[in-house]
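In: Let me see the structure of the following:
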Amino acid sequence: MDLMDRTDSLAAPGEPVTVHAPAGTVIGRRIGRVRRFLGIPFAEAPTGTRRFAAPVPRGPFTEPYDASRHGATSQAVPLFATTTVPEPSVPGDDVLNLGVVAPAADDDRVPFPVMVWIHGGAFLAGSPASPWYDGRAFARDGVVCVTVGYRLGVDGFAPLDDVPANLGLRDLLLALDWVQENIAAFGGDPDRVTVAGQSAGGAAVLALLSSPAGRGRFHRAVSLSGGTFEVGGDAARSFLERLGDRLGVPPTRAGFGSRTVEHLQQGVLDLRSERADSPLVLGPFVGDDVLPVSITDGLTVHGHGVPLLLGATGDEFDGAAAPENSHPRSFGAEQAAAELAAARAAGTRVTDTLFRAACQRAAVSRRDATAGTWLYSFEWPSPVLGGATHCVDIPFFFDVLDAPGVAEALGPNPPAELATLTHADLVGFVAGQEPTWARATGKPGDPAREYGRPGAALAADTTGVFDPVVRAASEGAQTC
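Out: Below you'll find the predicted structure:
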């Protein structure tokens with residue numbers, strides 16, 4: 001797709017600014033003290049024979065590359081008609097691209113620490129072009145922010161014969177290689193790279209941290225509302241068989257390769273909507289060189305020298321206005337608040353079983369790590385969404401409360417002081433500072449930074465959190 005054909009609304013304003021990197025000459029835009037370089041391909045377009053193949057590094061540009069607009073997105077079909085996070089789809093083949101938002105080159109703080117951001121979307125959708133992921137506040141505070149696109153759905157995570165597994169994770173690994181080779185030209189420090197993400201992006205962070213392939217590619221890790229999400233081979237192949245039947249093709253590389261990415265994504269979303277009990281249908285696959293063992297087991301071996309910050313929102317998918325909740329009343333109503341409090345105390349909500357339990361599991365797996373593990377809990381309740389639900393923390397961590405879509409999700413007056421606090425903690429962590437609260441030990445009642453309540457306090461007692469993995473292991477041990 002020609003550069004001039006990209007969506008004009010996704011263009012970066014400002015004056016041209018040029019960087020000469022090993023990847024070639026890149027022309028971005030500058031406004032004040034912030035420089036943006038968008039849509040930079042780090043790999044060859046995954047089309048034709050490269051569609052279901054390991055990513056191939058992009059060769060150096062032979063002419064100056066116009067990085068004034070967001071690049072093509074892997075997402076062709078959004079996860080839902082309306083999503084909390086604005087997630088624009090950009091057409092085109094060069095979906096393996098990244099954006100760099102950096103401080104001005106004459107900033108005396110160079111070289112800057114780097115945060116590589118991985119978007120969420122259940123490994124099926126999501127967009128690095130979201131205005132909620134604009135790194136301008138990070139650049140303001142002396143951090144280079146890199147947002148990465150990676151293959152999704154069948155193209156990124158389907159375990160097919162004669163296809164390398166975990167292509168989406170391999171894309172991310174190659175993007176991290178690009179950062180190591182090129183980020184110094186943008187003022188970044190390749191020896192201070194933090195990989196961070198939210199939801200599926202946070203799960204990808206934990207997957208990379210648990211992988212032998214991640215070693216040396218990043219130095220710190222942040223998982224927001226992530227989890228030890230992985231999809232078993234039998235479950236994935238069963239889903240792909242049903243998808244093939246629906247689309248009229250065999251569940252093979254050739255069969256799925258005969259369908260467009262858009263056709264496949266729509267088929268996956270249609271089939272997924274019929275199985276509400278299985279929200280994660282494709283994702284990290286265990287059993288290859290990237291993930292030779294489960295993510296939980298991998299965390300006991302790998303990444304012990306990498307500090308980790310992770311946590312969840314207080315209500316994730318359990319807010320009073322969430323579709324899964326049987327009482328869609330205002331969070332502020334006394335009865336609804338009491339019901340939410342009771343559900344929290346029970347420890348059996350989706351928030352607990354998918355997210356909080358995963359945080360506890362990661363802390364247990366890393367209890368012998370030389371680098372620390374720190375927990376947080378984001379507790380501020382959106383008056384619109386009915387609680388501290390999934391994604392509400394992103395505009396606070398990015399300090400972009402004025403971004404499009406924030407008022408619709410958080411109401412007209414989200415607290416700016418909370419954004420200042422959460423963003424400052426994340427900037428400090430990326431810059432190499434140790435958090436001000438105690439490290440997690442992997443034991444119930446570990447301390448956690450609570451956002452939306454004063455100061456650092458103990459999170460909800462994790463003793464009561466129902467962890468299906470731990471229970472299954474316990475029941476298995478009893479039957480042996």
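In: Leu38 versus Pro22, what's the distance?
Out: Using C-beta to C-beta, to the nearest Å, one obtains 19 Å as the distance from Pro22 to Leu38. For glycine as for every other residue, the C-beta is placed from the backbone atoms N, C-alpha and C.
In: quick one: which of those two has more around it?
Out: Using other C-beta atoms under 10 Å as the criterion, Pro22 and Leu38 rank with Leu38 on top: 25 against 10.
In: Would you report the backbone torsion angles of the more buried one?
Out: phi -110, psi 150 (degrees, to the nearest 10).
In: Could you report the pLDDT at it?
Out: Confidence at Leu38, expressed as pLDDT, is 97.
In: Checking the residue lying closest to it once chain neighbours are set aside next. Helix, strand or coil?
Out: With C-beta to C-beta, 6 or more residues apart in numbering as the measure, Gly99 is the residue that lies nearest to Leu38, at 4.4 Å, once sequence neighbours are left out. When the structure is split into helix, strand and coil by DSSP: H, G, I helix; E, B strand; the rest coil, Gly99 lands in strand.
In: likewise the one 10 residues further on?
Out: With three-state DSSP as the basis, the three-state label of Arg109 is coil.
In: Over to Thr194?
Out: Assigned state for Thr194: strand (three-state reduction, three-state DSSP).
In: list the contacts for it?
Out: If you count contacts by C-beta atoms under 8 Å, 6 or more residues apart in numbering, Thr194 has them with 113-116, 218-222, 429-430.
In: so can I have TSV of those showing distance to Asp368?
Out: What follows is those, written out as TSV (distance: C-beta to C-beta, whole Å):
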residue	distance to Asp368
Pro113	27
Val114	28
Met115	27
Val116	26
Phe218	20
His219	19
Arg220	18
Ala221	17
Val222	21
Phe429	21
Val430	25
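In: Give me the subset of the residues you listed lying in strands.
Out: Those of those mapping onto strands are 113-116, 220-222, per DSSP state E.
In: got CSV for those residues, with pLDDT and distance to Thr441 too?
Out: Below are these laid out as CSV (pLDDT from 0 to 100; distance: C-beta to C-beta, whole Å):
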residue, pLDDT, distance to Thr441
Pro113, 97, 27
Val114, 98, 29
Met115, 98, 26
Val116, 98, 28
Arg220, 97, 20
Ala221, 98, 18
Val222, 98, 19
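In: would you turn those into a markdown table with distance to Ile31 and neighbour count?
Out: Below are these laid out as a markdown table (distance: C-beta to C-beta, whole Å; neighbours: other C-beta atoms under 10 Å):
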| residue | distance to Ile31 | neighbour count |
| --- | --- | --- |
| Pro113 | 22 | 23 |
| Val114 | 21 | 30 |
| Met115 | 20 | 27 |
| Val116 | 22 | 26 |
| Arg220 | 28 | 22 |
| Ala221 | 30 | 26 |
| Val222 | 27 | 27 |
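In: Please tell me I have it right and Thr351 contacts Ala357.
Out: No: proximity of Thr351 to Ala357 does not meet the contact threshold set by C-beta atoms under 8 Å, at 9.4 Å.
In: When the two are compared, which one has more neighbours?
Out: Shown here are Thr351 and Ala357; by other C-beta under 10 Å, Thr351 has more neighbours (28 against 23).
In: residues in contact with that one?
Out: 312-318, 344.
In: Top of these by number of neighbours, please.
Out: For the contacts of Thr351, neighbours tallied by other C-beta under 10 Å; top is Thr313, 31 neighbours.
In: is it true that that residue touches Ile394?
Out: No: the pair Thr313 and Ile394 does not pass the contact test of C-beta under 8 Å, sitting 9.9 Å apart.
In: Nearest residue to the middle of this structure?
Out: When the chain is reduced to its mean C-alpha position, the closest residue under C-alpha atoms, centre = their mean turns out to be Gly201, at 1.7 Å.
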